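Colleague: Structure for this input, please:
(chains A and B)
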Number of protein chains: 2
Amino acid sequence: MKRREFFKSTVAGAVAAGGLAAPAIAQSMPEIKWRLSSAFPKSLDILYSTGETLARHVAESTDGKFQIQSFAAGEIVGTMQALDAISTGTVEMTHTSSYYYNGKSPVFALMTSVPFGMNARQQNAWMSQGGGIDMCNAFLKKYNVCALPGGHTGTQMGGWFRKEINSIEDFRGLKFRVAGMAGQILATLGVVPQQIPPADIYPALERGSIDAVEFSGPYDDEKLGFVKVAPYYYFPGFWEGGPTTHFMFNLDKWNELPKHYQAALRDAAAFANADMTAKYDTRNPAALRRLVGAGAQPRAFKTEIMEAAFIAANAYYDDLASKDSDFKAMWTSYKAFRDEEYFWFQVAEYSYDSFMIRMLRNRGG
Amino acid sequence: MKRREFFKSTVAGAVAAGGLAAPAIAQSMPEIKWRLSSAFPKSLDILYSTGETLARHVAESTDGKFQIQSFAAGEIVGTMQALDAISTGTVEMTHTSSYYYNGKSPVFALMTSVPFGMNARQQNAWMSQGGGIDMCNAFLKKYNVCALPGGHTGTQMGGWFRKEINSIEDFRGLKFRVAGMAGQILATLGVVPQQIPPADIYPALERGSIDAVEFSGPYDDEKLGFVKVAPYYYFPGFWEGGPTTHFMFNLDKWNELPKHYQAALRDAAAFANADMTAKYDTRNPAALRRLVGAGAQPRAFKTEIMEAAFIAANAYYDDLASKDSDFKAMWTSYKAFRDEEYFWFQVAEYSYDSFMIRMLRNRGG
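Modeller: The predicted structure is shown next:
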């Protein structure tokens, strides 16, 4: 694999293309104020606070000169409008899951997560050392946007079901709140995907107008109370093995920054990217225990179901690649990297985790 | 679990304890030059370059004003002398595996990795959100040092063996180059641990004066050529499930930095921490393929052997905790966090990886 130096070829490249900021500005500490429109509500506190973490770190490393004010989804623009707002420069940046913009291009889905993609650590490696963020930024130029990875949730849960799913037949006609590309792929297995905003999910599930909902992992899911009306808690969320959120910037605004402010932003994003994952990893275990205490019944998806979905996903990607050259280019890179990662991870990493899980479970851990 | 704000309670805490830098300095961009003495030779390029990455990022985000010059192990001081050199301020900082200083306290081993510890992602979570780096820095004060996580290798391999290891009996009398706490624990199973500097390992293995050697993972191991004389390549390295290297700083020098330089250093360290892991994850797969092509025979350690080592390790930790209150305090936190992490990771994360590994292997990936 061709190695790439993360920022030499990506954001610094974008800077070079846009022209360097004037030396007089680059060598001083100008006062700059930006706005960040988060794609997330404040109630999803780990997601929302990731934008605040970035802003605080940038302020700290620029001696308070570069201030970014965070707004929750809807305070300036809604989640679905954030990309357009960044693109035109109405707001300077967003923190988002780019797959919300899957309707514009499937590449936006691939930037976050697609069914049977990489896990969080592998996705980090692809982004920074496998050319991933370079490809994202080359693609995003047509939207006048550039991006940096902005945190992972880890493998998500597969969601809450009112009834057990024992075979692929149980997917037929199942009204399942699942968005984007995952919904399209599951539809080929008979699922009837539903797109419902978070606030409306619980009532729809309670009255039975939907049968199931996938949302995130234990810590986020707990807040929405699904356990009371749909106790079967399936795993894994095979459509989100390692979703990456992103910080996205208006490219002109980015290029206007002094180079050392760009560097501060890049490193603050690296901090926030790891910090979000660490928060989920720290808070999910206790949330899962609480959910089980409240009646959640964890269930593993049957292998038969996951295998059928895996085959359906590959057929979907092949079809998409034949129609969309942007997707084809990125998927080719992504898939090759994923396959190499799992070839290696199955050796030391996986055999170690396997052993630890078995030993700690046997000891009642 | 009590949540902690990473730097509020750790390095910023150290700053508060040492007194804030004078406002006149904090609000300007003074020129500062530091030296970094790496614990690693330049030949271990991923490890060595992690210090350079930190230095480059700090320079970039301080507009070139804060310069850190990197030196390889031995250029200023040797690997084993680096802690003392930092402690006294002879050099401002090091990038190292703290377990080299296990002889001073077993806490130094725990900061890096101990047998049957956490994997890389879990260790990141413990460090930043589980109070880990706080505890490290409280402990390091007695050495006049503070630290930040500085990169992971991922689960290492178990090493190169001249003969197959089929049972615990085959460990008896085995002259195995393995250092520190892992060596002490394996010694209780009959292994005769050997401490040999990297340059002397190959000849010792070739002439049979040692039987086996553990070093790192495929990318690093390949450079040392062990495959030619000890082809059985065991996994996993259960004594290094997720080793963390650290950046360590002289505490006075750290406290003298303007606060925004501290912030720049903290975020550059976050970048470097993730970057090192991404480099190993990206380069290990191809290195493993090359090693297998050169005759390496991958072998999984027998469950019987790992179970015996797990029991031996726990007995060792219990004994150590009864004698060393610093170790006891940190091990109690570490172990509780590890157990919760694996309780959660076994659900979504592990079931996802299991499926992916099986499917991709079946497809000849």
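Colleague: The nearest residue to A:Pro198 once chain neighbours are set aside: neighbouring residues, count only.
Modeller: Leaving aside its sequence neighbours, A:Pro198 sits nearest to A:Leu224 (Cβ to Cβ, 6 or more residues apart in numbering or on different chains; 6.8 Å). Quick note: C-beta positions are derived from backbone N, CA and C, even for glycine. The burial metric for A:Leu224, expressed as a neighbour count using other Cβ atoms under 10 Å in any protein chain shown, is 18.
Colleague: Was I right to think A:Leu224 contacts A:Glu214?
Modeller: No - between A:Leu224 and A:Glu214 there is no contact under Cβ atoms under 8 Å: 11.4 Å.
Colleague: phi, psi of A:Ile311?
Modeller: A:Ile311 adopts backbone torsions of phi -70, psi -40, taken as degrees, to the nearest 10.
Colleague: ok, back up a step: how near is the residue nearest to A:Pro198 to A:Ser167?
Modeller: Note on A:Leu224: its distance to A:Ser167, by Cβ to Cβ, to the nearest Å, is 28 Å.
Colleague: and what of A:Tyr317?
Modeller: From A:Tyr317 over to A:Ser167 (counting by Cβ to Cβ), the distance is 25 Å.
Colleague: what about the two, which has more around it?
Modeller: More crowded of A:Tyr317 and A:Ser167, by other Cβ under 10 Å: A:Tyr317, with 23 against 11.
Colleague: Quick check: which element contains the more buried one?
Modeller: Taking DSSP states H and E as the definition, A:Tyr317 sits inside helix A:303-323.
Colleague: Give me the buried stretch members for that helix, please.
Modeller: A:305-306, A:308-310, A:312-314, A:316-317, A:320-321 (16 or more other Cβ atoms under 10 Å in any protein chain shown).
Colleague: Restrict those to those that also contact chain B, please.
Modeller: Of the entries in the buried residues of helix A:303-323, the ones placed beside chain B under the rule of Cβ under 8 Å from any Cβ of the partner chain are A:306, A:310.
Colleague: Pick out the most distant pair among the buried residues of helix A:303-323.
Modeller: Of all pairs drawn from these, the one with the largest separation by Cβ to Cβ is A:Ile305 and A:Ala321; the distance is 24.6 Å.
Colleague: for chain A, what spans make up the strands?
Modeller: Defined through DSSP state E, the strands belonging to chain A, from first to last, are A:32-38, A:66-71, A:93-96, A:145-152, A:159-161, A:175-177, A:192-194, A:212-213, A:232-235, A:244-250, A:297-300.
Colleague: Put the alpha carbons of the longest one into CSV.
Modeller: If I follow you right, that is strand A:145-152. Presented in CSV, the C-alpha positions along strand A:145-152 are these (Å, rounded to 0.1, in the frame of the first residue of the first chain):
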residue,chain,number,x,y,z
VAL,A,145,-16.1,21.4,2.0
CYS,A,146,-13.2,19.6,3.7
ALA,A,147,-13.4,17.2,6.6
LEU,A,148,-11.6,15.6,9.6
PRO,A,149,-12.6,12.4,11.5
GLY,A,150,-14.7,13.5,14.5
GLY,A,151,-15.2,10.4,16.7
HIS,A,152,-16.6,6.9,16.7
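Colleague: strand partners of that strand, parallel vs antiparallel please.
Modeller: Strand A:145-152 has these partner strands in its sheet, going by DSSP bridges: strand A:244-250 (antiparallel).
Colleague: Residues in contact with the strand it pairs with: which ones?
Modeller: Surrounding strand A:244-250, the residues in contact under the criterion Cβ atoms under 8 Å, 6 or more residues apart in numbering or on different chains are A:47, A:50-51, A:54, A:82-83, A:86-89, A:91-98, A:111-113, A:120, A:123-124, A:127, A:136, A:140, A:144-153, A:269, A:272, A:276.
Colleague: again with stretch A:70-81
Modeller: A:35-42, A:48, A:51-52, A:55, A:82, A:84-85, A:90-91, A:96, A:100-101.
Colleague: at 6 Å what do you get?
Modeller: Under the contact criterion Cβ atoms under 6 Å, 6 or more residues apart in numbering or on different chains, stretch A:70-81 has outside partners A:36-42, A:51-52, A:55, A:85, A:91, A:100.
Colleague: Quick check: end-to-end length of it?
Modeller: Taking Cα to Cα, to the nearest Å as the measure, stretch A:70-81 stretches 16 Å from start to finish.
Colleague: Tell me the buried residues in it?
Modeller: Result for stretch A:70-81 [16+ other Cβ under 10 Å]: buried residues A:70-73, A:76-77, A:79, A:81.
Colleague: quick check, nearest of these to chain B?
Modeller: Using Cβ to the nearest Cβ, A:Ser70 is the member of these that lies nearest chain B, at 16.4 Å.
Colleague: Run a quick neighbour tally on the residue lying closest to A:Gly130 once chain neighbours are set aside.
Modeller: In this structure, A:Gly130 finds its nearest non-sequential neighbour in A:Phe337, 4.6 Å apart by Cβ to Cβ, 6+ apart. Taking other Cβ under 10 Å as the neighbour definition, A:Phe337 ends up with a count of 24.
Colleague: Does A:Phe337 touch A:Gly132 like I think?
Modeller: No - here A:Phe337 lies out of contact with A:Gly132, judged by Cβ atoms under 6 Å, at a distance of 7.6 Å.
Colleague: what's the overlap in contacts for the two?
Modeller: By Cβ under 6 Å, 6+ apart, A:Phe337 and A:Gly132 have these common neighbours: A:Trp126.
Colleague: how about stretch A:30-47: buried residues?
Modeller: Under the neighbour-count criterion of 16+ other Cβ under 10 Å, stretch A:30-47 has A:32, A:34-41, A:44-47 buried.
Colleague: go on, stretch A:209-227?
Modeller: A:210-222, A:224, A:226-227.
Colleague: Looking at strand pairing, list the partners for A:Ser38.
Modeller: For A:Ser38, the residues forming beta bridges with it (DSSP bridges) are A:His95.
Colleague: Please tell me I have it right and it contacts A:Gly51.
Modeller: Yes - using Cβ under 6 Å, A:Ser38 is in contact with A:Gly51, at 4.7 Å.
Colleague: So which residues on the stretch 1-150 of chain A come close to chain B?
Modeller: By the rule Cβ under 6 Å from any Cβ of the partner chain, the part of the stretch 1-150 of chain A lying against chain B is A:57, A:60-61, A:63, A:124-125, A:128-130.
Colleague: Repeat the analysis, applying 7 Å as the threshold.
Modeller: With Cβ under 7 Å from any Cβ of the partner chain as the criterion, the stretch 1-150 of chain A comes near chain B at residues A:1, A:27, A:29, A:57, A:60-63, A:116, A:119-122, A:124-125, A:128-130.
Colleague: Give me the buried subset of those residues.
Modeller: The neighbour-count test (16+ other Cβ under 10 Å) marks A:29, A:57, A:60-63, A:116, A:119-122, A:124-125, A:128-130 as buried among the residues of the stretch 1-150 of chain A next to chain B.
Colleague: where does chain A dip in pLDDT?
Modeller: Within chain A, the stretches with pLDDT under 70 are A:1-27, A:363-365.
Colleague: so how far is A:Leu205 from A:Thr96?
Modeller: Distance from A:Thr96 to A:Leu205, counting by Cβ to Cβ: 25 Å.
Colleague: oh, I was asking about A:Ile68
Modeller: 37 Å.
Colleague: Likewise for A:Phe238?
Modeller: 21 Å.
Colleague: And A:Gly183, by the same measure?
Modeller: Counting by Cβ to Cβ, the gap from A:Gly183 to A:Leu205 is 16 Å.
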